[in-house]
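Student: I'd like to go over a predicted model; first the sequence, then the structure.
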Amino acid sequence: MAPWRSVLYFLSSVMLFLTQGLGMNLALANLNQIQGSIAATTTEAAWLSAAYMAPNVSLGILLVKVRMQYGVRALAKVAVICFIGASALNLFISDLQSAIVVRFLSGIAAAPLATLGFLYMLEIFPPQKRGTVGLCLVTMNSMLGAPLTRLVSPTLIDFGGWRGLYTLEMSLALLVLPIIFLLPLTAPPRVKVIVRTDVVSYLFIAIGYGCVAVALSVGRPYWWFEAPWLGVMLVVAVASLFIAAMIELGREHPLVDFRWLLSWRNIHIFGILLIFRLLTGEQSAIVMLWYQNIGLLFDQLQMLYLIILVFTVVGGFVCAALLNRGYSRSIQVVALVILATGAFIDSQTTSLTRPEQMYLSQALVAMGSAMFVPPTLADFFNSAFAKGPAYVVTFFVVFMFTQVIGALVATASYGTFITIREKFHSSILAEQITLTNPIVANRLSTLAAPYAKVVGDPTLMNSEGLTLLSAQVTREANTLAFGDAFFVAGAIAVVALALMLIHMTYQSLHSKLARSSAPSAAVA
């Protein structure tokens, strides 16, 4: 492929991933800013994320077979046109109910965009580099949507609130449409691969994945043990996925090969990808929630998001260069060290910490995140590609599950952990506050002093001081809870690094023993 044409395909992949990433993140990142315009509480607004994720998480599985049977060009045209229609519907939203319906349709329409972005990136490279350099750049592109969303959100919200956000999404979708017509993808031979049982299996998988996505999205706002229907939803998810597995295990040509998927090697890869989502959750779930908690707005964080964006790109290209030279395990070791360092730096945060103090740590986390997962994906992709197109579908099952469900697990886990630790620290701090303590009494009088000119009653003035002191205690308890969450992210990185080094040592010793025993066997 000519260099100029490769650049166009690369930019097309970036554009497709940005369109998909912005569609997924615009509402999620701006819930506090837009919930007033759709008359929703914070808890109700969580359904916007749930409605988007429920269909989006599983559709990529079916789309791989749709591409094989009907052709990628037909799939691309229909996908982008549907996405433009869904984006246009966002401009007419006026209440929560209509917003949920449109977000559900947007989740369906956006599902093919990540697949198309994946295919446009792989189009550039010869087969031997698709599983190395191609996957590095695909992973990098998939991570650009979140920081870019937070960079452009302040201007878009000032421009027109909810409609301002989705005017950009529709504009990007309109820009993507000519790409599909002007830059065709290599079309594999069309094969009739979709049968009725595929549809049945997919429906059960979609119900299972959708229920999990909804439960993870709204579980923390409603609280896990306070809403019995969350348990019912998870039971339905387990039952649906079990039925789908039983159907697929009995088929000669399954939609998802569960036997291969549940092999020890693939379970190992699956675990690594989930660990990756927990590590990247330090940035997407903890940092963003932390700054919302202390009241900073997006326009005060734009330099931080710009640094995250730049170092994500740097990490992607560094990983591609090193993986192309065969440094697979070394990349992951370095990435885990970088991630652990960034998380432990952030664990020292205080209530006075501002974005400037987190530039270095978040640059490290962004770079480490872009470097960690491609080597694992490369092994899995090459294994699936070597076995044939049917196994590529299974690859997409794992990839989409870990990317979407894994991200929801990270957000829900960290959010729940922070809530629990905040209650713990609040109780500890509250025990230490007694009015007989002269330090506490002095702080109380200092906080109440500004009200002396307008409140004549000493009891009321003392009450105002207690209210302000209580708010400070809550703020400090939150700060300690977020510090604990950062520390846990760093601890996960250290444990993952230790397990990886042990595994690498075992593999090295095993190969040495195998080589040393080979000559002995030959002599015998």
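Tutor: On my side now, so go ahead. Numbering: from 1, shown residues only.
Student: show me where the stretch 1-150 of the chain has helices.
Tutor: 3-29, 31-34, 42-70, 72-90, 96-124, 127-129, 135-142, 145-182 (DSSP state H, counting those that start in this stretch).
Student: so which of these gets nearest Phe417?
Tutor: helix 42-70 (17.6 Å; Cβ to Cβ). Backbone N, C-alpha and C define where each C-beta goes, glycine included.
Student: closest one to Leu279 among the helices of the stretch 1-150 of the chain?
Tutor: Going by Cβ to Cβ, the one of the helices of the stretch 1-150 of the chain nearest Leu279 is helix 135-142, 13.3 Å.
Student: tell me what the closest one is packed against?
Tutor: helix 3-29, helix 96-124, helix 302-324, helix 359-372, helix 374-387 (3 or more Cβ pairs under 8 Å, 6 or more residues apart in numbering; DSSP states H and E).
Student: return the distance of it from the chain's centre.
Tutor: Computed by Cα atoms, centre = their mean, to the nearest Å, the chain-centroid distance of helix 135-142 equals 13 Å.
Student: buried residues in it?
Tutor: Residues of helix 135-142 classed as buried: 135-142 (neighbour count, 16 or more other Cβ atoms under 10 Å).
Student: hmm, who's touching the helix or strand where Ala245 lies?
Tutor: In this assignment (DSSP states H and E), Ala245 forms part of helix 228-249. Residues from elsewhere that reach helix 228-249, judged by Cβ atoms under 8 Å, 6 or more residues apart in numbering: 197, 200-201, 204-205, 207-212, 214-215, 218-219, 222, 224, 254-259.
Student: in PyMOL, select just the buried ones from the residues you listed.
Tutor: Restricted to buried positions by 16+ other Cβ under 10 Å, the PyMOL selection for the contacts of helix 228-249 reads:
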select buried, resi 201+204+205+207+208+209+210+211+212+214+215+218+219+254+255+256+257+258
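Student: avg pLDDT for stretch 364-384?
Tutor: Averaged across stretch 364-384, pLDDT comes to 79.
Student: how close does the residue most central in space within the chain sit to Ser49?
Tutor: Closest to where the C-alpha atoms of the chain average out (Cα atoms, centre = their mean) is Ala407, at 3.6 Å. Separation of Ala407 from Ser49 (Cβ to Cβ, to the nearest Å): 11 Å.
Student: check Met504 too.
Tutor: From Met504 to Ser49 the distance is 38 Å (Cβ to Cβ).
Student: ok so, going back, nearest to Glu431, out of the helices of the stretch 1-150 of the chain?
Tutor: helix 42-70 (29.4 Å).
Student: per-residue confidence for Ala452?
Tutor: 64.
Student: thinking again about what came up before, element containing the residue nearest to the centre of the chain?
Tutor: Ala407 is part of helix 406-431 when elements are defined by DSSP H and E.
Student: for that helix, give the mean pLDDT please.
Tutor: 83.
Student: quick one: distance of whatever helix or strand comes next after that helix to the chain centre.
Tutor: Next helix or strand after helix 406-431 toward the C-terminus (DSSP H and E): helix 438-448. Its chain's C-alpha centre and that of helix 438-448 lie 44 Å apart, by Cα atoms, centre = their mean.
Student: mind checking the pLDDT average for helix 438-448?
Tutor: pLDDT averaged over helix 438-448 gives 71.
Student: ok, Tyr305 to Glu356 distance?
Tutor: 13 Å.
Student: cool, and Arg515?
Tutor: In this view, Arg515 and Glu356 are 53 Å apart by Cβ to Cβ.
Student: equivalent analysis for Gly134, please.
Tutor: Distance from Gly134 to Glu356, by Cβ to Cβ: 36 Å.
Student: same check on Asp198?
Tutor: 53 Å.
Student: before we move on, what about Ala477?
Tutor: The value you get for Ala477 to Glu356, if Cβ to Cβ is used, is 24 Å.
Student: of these two, which one has the most company?
Tutor: Ala477 (20 against 9; other Cβ atoms under 10 Å).
Student: tell me which element the more buried one falls in.
Tutor: Going by DSSP H and E, Ala477 is part of helix 458-523.
Student: check which helices and strands that helix sits against.
Tutor: Going by 3+ Cβ pairs under 8 Å, 6+ apart, helix 458-523 lies up against helix 264-281, helix 288-293, helix 328-346, helix 406-431, helix 438-448.
Student: out of the ones you listed, deepest packed?
Tutor: helix 328-346 (a mean of 21; mean count of other Cβ atoms under 10 Å).
Student: how much distance is there from it to the middle of the chain?
Tutor: 18 Å.
Student: give me the angle between it and helix 302-324.
Tutor: 160 degrees (axes from the mean of the first three to the mean of the last three Cα atoms, to 10 degrees).
Student: residue contacts, Ala40?
Tutor: 96, 99.
Student: what about it, distance to Ile61?
Tutor: In terms of Cβ to Cβ, Ala40 sits 31 Å off from Ile61.
Student: residues in contact with stretch 496-512?
Tutor: 272, 275, 279, 329, 332-333, 336-337, 340.
Student: by mean pLDDT, show me the worst of the helices and strands packed on helix 135-142.
Tutor: Across the helices and strands packed on helix 135-142, helix 374-387 gives the lowest mean pLDDT, at a mean of 72.
Student: Leu429 contacts Thr479, correct?
Tutor: No - checked against Cβ atoms under 8 Å, the pair Leu429 and Thr479 is beyond contact range at 10.7 Å.
Student: circling back to that earlier point, neighbour count for Met504 and Ser49, which is higher?
Tutor: Ser49 (23 against 14).
Student: how about the contacts made by the more buried one?
Tutor: So Ser49 contacts 27-28, 31, 103, 217 (Cβ under 8 Å, 6+ apart).
Student: let's see it at 7 Å
Tutor: Neighbouring residues of Ser49 by Cβ atoms under 7 Å, 6 or more residues apart in numbering: 27-28, 217.
Student: which of the residues you listed tops the neighbour count?
Tutor: Highest count within the contacts of Ser49 by other Cβ under 10 Å belongs to Ala27, 26 neighbours.
Student: which residue packs closest to that one, ignoring adjacent ones?
Tutor: Leu48 (4.8 Å; Cβ to Cβ, 6 or more residues apart in numbering).
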